[in-house]
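# Build me a structure from this.
(one chain, ligands or ions: 1)
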Amino acid sequence: MEVATRHTRWSLLSGGYVADMKRILADLSRNGAILLLLLLTACSDDSDQQLDARTSLADAARQAELQVGVAFGNNASAGRRTLAASEFTSITPENAMKWPSLAAAPGAYDFSDADQLVDFALSNGQRIRGHTLFWHRSNGLPSWVRDELEEASDPAARLRELMVDHTARVVGRYAGRIAQWDVINEPLALVSGAFDPENIFYELLGEEYLDMALLEAHAADPSAELFINETFTEFQAEKFDGLLALAQRLLDRGIPLHGIGLQGHFFLRAPDETILRDQLQRIADMGLLSEITELDIPLPLFSERAEPLEGQAQAYADVFDACLAVDLCTGITTWGLDDANTWLDSFVLSAGNAPNRPLLFDQELNAKPAYDSVVEALLR
Ligand code: G3I
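The predicted structure follows:
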């Protein structure tokens, strides 16, 4: 019996092939289950390709030489893992590398979750963005750290010690494997260009906490690109200016800062391509890389439109166009894979609009119009 070649499989698929295929499969079944299985596998690969002849997001990303990433966790279903592996070129652990996830108690580091994600990404040939070393908000800081600082006779010295130890353990463990680190997350106030007064790192150590964290991270992995990742800058000129001024002071002091991440949580207002492109260009003009690190654009923003999904698709394309226009904008990561799992559905300011449906894949893992518009933007 002749085993189907690549060419014959394609010609089978190009005509009235369904009846033929049934007949061939029935013949084959008489010749053994293994051969049947082989052909079924081969045919299903090709029929997928035929039904779905579009260029994948990851292929388009490679052609555009832009990293397109997804925030991801280990508890995802098999279907989601397959999608994350095949459609994206970069992975950001959504929560697994945050300090409380790594160390639930003093000194009790458990890297199993983070290791699994690193193995997953590397086995798929994907880049990894490490997220995040130092974040004072939400659940970014373990409660035991706050407890220790309250009890310490010299809280600043204790915090410095803990930060040095944390950086060495975490960045050192993944040295050479994690391409970019969000060393500092959200240092500034939500609505101004000044430091957040609630930022305990700043409160105890002053601006020097960034110098120290970046220097330690660089020592632990000289090959990693080190980022400050900030939120809600996209529509706040003053906050963006404050962020760039901070970055410039670091560069002036010779601190190893390589890039700025703009998170891109557009739940209050749809992105403005011109503003975003100008911001990314200003970052590039300082010689720094930029990435959109946590992109999501909720559908309710476009509810006034006849076709909300098209409005969302255009908004996604705007963000990609802005980044593609700037050489040093090296990647865009969506903050989640699909609409069934998004932080926006439980966040206080956006939960009222749930389901926010802010991502490229819907709840059933189907690609949305935004997916197509992003692929188009990448291929332009
Ligand atoms: O895994 C536990 C689960 O065992 C427990 O039953 C449940 C009860 O609340 O909590 C689960 O952990 C939650 C975790 O998400 C996983 O779902 C945490 O409580 C919850 O705080 C955590 O929220 C994350 C949040 O950061 C705080 O760390 C979101 O998933 C994550 O999307 C969000 O991401 C942040 C970025 O890191 C920084 N920029 C803003 C962005 C959105 O807040």
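# hey, what's Ile332 bridged with?
Val68, Ile292 (DSSP bridges).
# Would you confirm that it contacts Asp318?
No - contact criterion C-beta atoms under 8 Å: Ile332 and Asp318 do not qualify, at 11.6 Å. Every residue, glycine included, has its C-beta placed from N, CA and C.
# of these two, who's got more company?
Neighbours were counted for Ile332 and for Asp318 using other C-beta atoms under 10 Å; Ile332 has more, 26 against 21.
# Tell me where the protein has strands.
67-72, 90-93, 127-134, 180-185, 225-230, 259-262, 289-295, 329-334 (DSSP state E).
# As CSV, those with mean pLDDT and distance to Arg173 would be great.
Below are the strands of the chain laid out as CSV (pLDDT from 0 to 100; distance: least, C-beta to C-beta, whole Å):
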stretch, mean pLDDT, distance to Arg173
strand 67-72, 98, 19
strand 90-93, 98, 13
strand 127-134, 98, 10
strand 180-185, 98, 12
strand 225-230, 98, 16
strand 259-262, 98, 21
strand 289-295, 98, 21
strand 329-334, 98, 22
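# a markdown table please, covering those and showing distance to the ligand.
Below are the strands of the chain laid out as a markdown table (distance: least, C-beta to the nearest ligand atom, whole Å):
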| stretch | distance to the ligand |
| --- | --- |
| strand 67-72 | 7 |
| strand 90-93 | 9 |
| strand 127-134 | 6 |
| strand 180-185 | 6 |
| strand 225-230 | 7 |
| strand 259-262 | 10 |
| strand 289-295 | 5 |
| strand 329-334 | 11 |
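# Quick check: which of those strands is nearest to Ala108?
strand 127-134 (17.6 Å; C-beta to C-beta).
# Show me what the closest one is packed against.
strand 67-72, strand 90-93, helix 112-123, helix 155-173, strand 180-185, helix 208-220, strand 289-295, strand 329-334 (3 or more C-beta pairs under 8 Å, 6 or more residues apart in numbering; DSSP states H and E).
# Could you tell me which strands that strand is paired with, and in which direction each runs?
By DSSP bridges, strand 127-134 pairs with strand 90-93 (parallel), strand 180-185 (parallel).
# Output these as CSV; include the columns mean neighbour count.
As requested, these are exported to CSV (neighbours: other C-beta atoms under 10 Å):
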stretch, mean neighbour count
strand 90-93, 26
strand 180-185, 27
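# Single out the residue in this structure that lies closest to the ligand.
Proximity of the chain to the ligand (C-beta to the nearest ligand atom) peaks at Trp343, 3.5 Å away.
# pretty sure that residue contacts Leu349?
No - using C-beta under 8 Å as the test, Trp343 is too far from Leu349 to be in contact (11.1 Å).
# between these two, who's got more neighbours?
Trp343 (19 against 10).
# List the contacts of the nearest residue to Gln279 once chain neighbours are set aside.
Using C-beta to C-beta, 6 or more residues apart in numbering and skipping the chain neighbours, the partner closest in space to Gln279 is Phe240 (5.7 Å). Shown in contact with Phe240 (C-beta atoms under 8 Å, 6 or more residues apart in numbering): 193, 233-234, 279.
# Could you point out which of the residues you listed is nearest to Ile292?
Set against Ile292, the nearest of the contacts of Phe240 by C-beta to C-beta is Glu234 (9.1 Å).
# any idea how far the residue nearest to Ile228 when sequence neighbours are not counted lies from Asp278?
Nearest non-adjacent residue to Ile228, counting by C-beta to C-beta, 6+ apart: Ile184, 4.7 Å away. From Ile184 across to Asp278, the span is 23 Å (C-beta to C-beta, to the nearest Å).
# What of Leu349?
26 Å.
# got it, and Leu243?
From Leu243 to Asp278 the distance is 14 Å (C-beta to C-beta).
# Comparing those two, which residue is more hemmed in?
Taking other C-beta under 10 Å, Leu243 and Asp278 do not tie; Leu243 has more neighbours (21 against 16).
# I figured the more buried one hits Ile260, correct?
Yes - the pair Leu243 and Ile260 passes the contact test of C-beta under 8 Å, sitting 6.8 Å apart.
# which neighbours do the two share?
Contacts common to Leu243 and Ile260, judged by C-beta under 8 Å, 6+ apart, are 228, 230.
# Now do Glu203: how many residues are near it, please.
The burial count for Glu203: 17, using other C-beta under 10 Å.
# Pretty sure it sits against Pro197.
Yes - assessed by C-beta under 8 Å, Glu203 is found in contact with Pro197 at 7.4 Å.
# tell me which helix or strand of this protein sits lowest on mean pLDDT?
Across the helices and strands of the chain, the lowest-confidence element by mean pLDDT, DSSP states H and E is helix 6-14, at a mean of 26.
# quick one, domains of the protein?
Described in terms of automatic domain parsing, the domain architecture of the chain consists of the residue ranges 1-54, 56-379.
# Which of the ones you listed has the highest mean neighbour count?
Stretch with highest mean neighbour count among the domains of the chain: domain 56-379 (a mean of 19; mean count of other C-beta atoms under 10 Å).
# and Ala176, how far is that from His258?
Heads up, residue 176 is Gly, not Ala. Gly176 is 16 Å from His258, by C-beta to C-beta.
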